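Undergrad: got a sequence here, can you model it:
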Amino acid sequence: MTITFKQQGDGRKSWIIDGNEIITESPTNKYHNDMMQEILTDNNYLSIGEVSMWVNDAEYGAEAQSIIDWWITTCKLVANYVALNPNEETAAQFLETLPTYPL
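TA: Prediction:
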């Protein structure tokens, strides 16, 4: 994946993904959210809210806590990256460094 920063004429930030798709949201946040959605889908959860409902369950609690721990850990890393790299030109490389689930 290639992510290129582009400042629009009206001052808005945008990014070009793989030379053709233009997005105006943070690519790091977008792909991080996609990673979370994949974890939820793979583990048969509808949302992080549902995950939190299972934390104290004897059978699924450890799994639920593991998902929450991954999300908290990676959210902090993403927030730090975005703060230090406002144009996010190395977002693809950064995303490859995130811890994988399960931790």
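Undergrad: residue 17 is in contact with residue 6, isn't it?
TA: No. With contact defined as Cβ atoms under 8 Å, residue 17 does not reach residue 6; the gap is 10.9 Å. C-beta here means a position set from N, CA and C on the backbone, and glycine is covered the same way.
Undergrad: neighbour-wise, which of those two wins?
TA: Using other Cβ atoms under 10 Å as the criterion, residue 17 and residue 6 rank with residue 17 on top: 17 against 12.
Undergrad: in the sheet, who's paired with the more buried one?
TA: Taking DSSP bridges, one obtains residue 3, residue 21 as the residues bridged to residue 17.
Undergrad: ok, now which ones touch it?
TA: Residues in contact with residue 17, defined by Cβ atoms under 8 Å, 6 or more residues apart in numbering, are 1, 2, 3, 23, 27.
Undergrad: what's the spacing between it and residue 72?
TA: Distance of residue 17 to residue 72, given as Cβ to Cβ, to the nearest Å: 27 Å.
Undergrad: kindly check the end-to-end length of stretch 94-103 for me.
TA: Using Cα to Cα, to the nearest Å, the end-to-end distance of stretch 94-103 comes to 17 Å.
Undergrad: er, stretch 33-49 I mean
TA: End residues of stretch 33-49 are separated by 14 Å (Cα to Cα).
Undergrad: quick check: buried residues in stretch 96-103?
TA: For stretch 96-103, a neighbour-count test (16 or more other Cβ atoms under 10 Å) marks 98, 101 as buried.
Undergrad: can you give the contact residues for that stretch?
TA: 32, 35, 39, 66, 67, 69, 70, 73, 74, 77, 78.
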